[in-house]
Every structure is written in structure tokens, then in C-alpha cells.
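In: need coordinates for the following:
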Amino acid sequence: MPGFKFPCTQCGLCCTNAGGERQLSFLKDEGLLNKEGKCVHLEEDLIEGRLLRRCGVYKDRPLLCRTDVAEKLTRPKAMARLIFWRLTALGCNILQEQNGFDESYRVKIPASSLTEEESSAPTQSDE
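Out: So this is what the prediction gives:
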């Protein structure tokens with residue numbers, strides 16, 4: 001999506017819950033998870049009372065960790081991009097709520113972050 005970047009709030013829950021996901025169990029075999037099920041590349045800092053987590057290999061992170069690639073590989077053609085990204089944000093927000101994270105971590109995808117073309121479902125001529 002030209003110009004769109006997923007507004008990650010650096011809660012790190014996607015990197016700390018990977019060990020519990022059956023579909024991601026291969027990460028343990030690859031040596032990418034520590035004993036607690038956290039990604040070995042996860043860096044954590046407490047800044048002004050807020051826990052910030054970030055990827056230590058962000059520019060070279062695995063394809064699995066790239067939201068732009070996930071969108072290309074998993075978004076159904078009939079689904080509008082705006083809906084896909086809002087559902088992705090909802091997944092983040094549910095994880096945050098379940099783990100007691102403050103509201104300030106919630107991911108928001110305003111409609112204005114995508115162009116009109118990107119936010120609508122494709123027409124038959126697009127397929």
C-alpha cells in the first residue's frame with residue numbers, strides 16, 4: 001500500500017505470545033523463541049513509565065513479521081484493504097485488552113490513512 005505503514009504501538013504482544021500459538025510452534029525449532037515463548041530479537045525498554053518493545057532486527061525481520069507481506073498473502077481479494085487493516089488492528093487490541101495493556105497502546109486505523117482506492121473492495125475489473 002503506497003504510503004501506508006501499520007501504526008504499531010510497540011506493545012510487543014505479537015512477539016511475546018508466539019510460543020503459545022500452535023501455528024507458530026516451528027519458531028521454537030528455528031531457535032527464534034526463548035524459554036518464555038518470546039522472540040529472541042525482542043528488545044524491551046521502560047521509557048517515561050511506558051513499556052516499549054521493538055524488534056532488534058526490524059529491517060531484516062522474517063517475512064512472518066512483515067504486516068505488508070501478510071496483507072498481500074492473506075487478504076481475500078474481495079475484502080477492502082481498510083477492512084483488512086482494521087481487523088488486524090482489532091487482533092492487536094484484543095491481545096492488549098486480554099493482557100491488561102493501557103488504552104494508550106490501542107491501534108487505530110483511521111479511514112483517512114488510506115486512499116479511497118485502497119480503502120474500497122476491488123471491482124470485477126480489478127481481478
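In: contacts and neighbour counts: CA atoms only from here.
Out: OK.
In: which SS state does Glu43 fall under?
Out: Under DSSP: H, G, I helix; E, B strand; the rest coil, the three-state class of Glu43 is strand.
In: what bridges to it?
Out: When bridges are assigned using DSSP bridges, the partners listed for Glu43 are Arg54.
In: so it is in contact with Val57, correct?
Out: No - with contacts defined as C-alpha atoms under 8 Å, Glu43 does not count as touching Val57, sitting 9.6 Å away.
In: what about the strands in this structure?
Out: Chain-ordered strands for the chain, with DSSP state E as the definition, fall at 42-47, 50-55.
In: do you know how far the residue nearest in space to the middle of the chain is from Tyr105?
Out: Centre of the chain computed as the mean C-alpha position; nearest residue by C-alpha atoms, centre = their mean is Thr67, 5.6 Å away. Distance of Thr67 to Tyr105, given as C-alpha to C-alpha, to the nearest Å: 18 Å.
In: show me where pLDDT drops low in this structure?
Out: Across the chain, the stretches falling below the confidence threshold (pLDDT under 70) are 1-3, 18-25, 113-127.
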